[in-house]
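1. let me see the structure of the following:
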Amino acid sequence: MTPGGARGIGGPRTVVVTGGASGIGAAIAEGFSAQGDTVVVLDRTPGSGIIEVDVASEESVRTAFAAVRERTGTIDVLVNSAGLLTESRLEDMSLALWSETIAVDLTGIFLCCREVIGPMREQRWGRIINISSQLGIKGGVGLGHYTAAKAGVIGMTKALALEVSADNVLANCIAPGPIETPLVDGISEDWKVAKRAELPLRRFGVPAEVAPTALLLASDPGGNLFVGQTLGPNSGDVMP
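-> Coordinates of the predicted model:
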């Protein structure tokens, strides 16, 4: 039996990964699948076996998670990896661009977390892993909207951890540095060159270097003492 819990996760679990069709989400989904877990991918891009979702839409999120529960019956691990990244200085930023980023990168995580909290508390076992960013800790030029959303994810995750950890539902963050993904492809080359020069490793990471952190946080007993933490595979960009 899992310490502090009644469910006792000793075998394959059901893992939901939002934004799991590409980038960090895809690498995390592959990692859980490789260790024998049942993985359900939620993404805005339709595909084989993927449940389509717009994480910024309350109705879409409710429909998607209902489909997950119909397919699997339970959710043991939720990884919120869906995200949006655009570039604009705050003085030039439209309200629409700001609002879109907050809706996807912060509100979307709230909506998905809300869908699993009750069932996880009832089964007295759950792991919620929210993908933030090192920029949510240190800020970034031209990325004020993204920084605000990712800082909000860290704060919300801490609050959630305080609310649910007594029921053996553990919420934590991963705050990667720049990772070579389609998300980062849309940022200007000048920004990427300058950022690489700042990093102690002098390079961006790749998704496969982030996925093991998610596997650790979801592991039993390896992840059992992580509560409201933010782990940073970030090429040395942030050293807490």
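
2. strands of the protein, start to end?
-> Using DSSP state E, the strands found in the chain span residues 14-18, 38-43, 51-52, 77-80, 126-131, 169-174, 230-231.

3. and the fourth one, how far out from the chain middle?
-> Per Cα atoms, centre = their mean, to the nearest Å, the displacement of strand 77-80 from the mean C-alpha position of its chain is 7 Å.

4. strands paired with that strand, and their directions?
-> The strands beside strand 77-80 in its sheet (DSSP bridges) come out as strand 14-18 (parallel), strand 126-131 (parallel).

5. mind checking the ones you listed for the one nearest to residue 104?
-> Comparison of the strands paired with strand 77-80 against residue 104 by Cβ to Cβ identifies strand 14-18 as nearest, at 10.4 Å. Any C-beta I mention is one placed from the backbone N, CA and C, and that applies to glycine too.

6. may I ask which helix or strand of the protein has the lowest mean pLDDT?
-> The weakest-scoring helix or strand in the chain, judged by mean pLDDT, DSSP states H and E, is helix 182-185 (a mean of 86).

7. who's in contact with that one?
-> Contact with helix 182-185 is made by 22, 23, 83, 84, 85, 178, 192, 204, as judged by Cβ atoms under 8 Å, 6 or more residues apart in numbering.

8. likewise stretch 103-110?
-> 18, 55-56, 61, 80, 82-84, 130, 146, 148-150, 152-153, 156.

9. between those residues, which is nearest residue 98?
-> Ranked by distance to residue 98 (Cβ to Cβ), the contacts of stretch 103-110 are led by residue 148 at 8.2 Å.

10. tell me the pLDDT at the closest residue to that closest one other than its chain neighbours?
-> Of all residues not flanking residue 148 in the chain, residue 102 sits nearest, at 7.0 Å (Cβ to Cβ, 6 or more residues apart in numbering). Note for residue 102: predicted pLDDT of 98.

11. likewise for residue 3?
-> At residue 3, pLDDT is 37.

12. in this structure, which spans are helices?
-> Along the chain, the segments classed as helices by DSSP state H run 23-34, 58-72, 95-102, 108-123, 135-138, 144-164, 182-185, 189-198, 211-218.

13. number of nearby residues for residue 157?
-> The number of residues packed near residue 157 is 23, by other Cβ atoms under 10 Å.

14. ok, it touching residue 130?
-> Yes - using Cβ atoms under 8 Å as the test, residue 157 is close enough to residue 130 to be in contact (5.0 Å).

15. tell me the residues that contact both of the two, please.
-> 171, 172, 173.

16. tell me which residues of stretch 70-81 come out buried.
-> Buried residues in stretch 70-81, counting neighbours by 16 or more other Cβ atoms under 10 Å, are found at 72, 74, 75, 76, 77, 78, 79, 80, 81.

17. ditto for stretch 91-107
-> Across stretch 91-107, burial judged by 16+ other Cβ under 10 Å covers 93, 98, 101, 102, 103, 104, 105, 106, 107.

18. quick check: end-to-end length of that stretch?
-> Stretch 91-107 has an end-to-end distance of 23 Å (Cα to Cα, to the nearest Å).

19. relative to the whole chain's centre, how far out is that stretch?
-> With Cα atoms, centre = their mean, you get 18 Å for stretch 91-107.

20. also stretch 71-86?
-> 7 Å.

21. next: stretch 173-186.
-> With Cα atoms, centre = their mean, you get 11 Å for stretch 173-186.

22. also stretch 102-111?
-> Its chain's C-alpha centre lies 11 Å from the corresponding centre of stretch 102-111 when counted by Cα atoms, centre = their mean.

23. number the residues from 27 up from this point.
-> Noted, 27 is the first residue going forward, which turns the last one into stretch 128-137.
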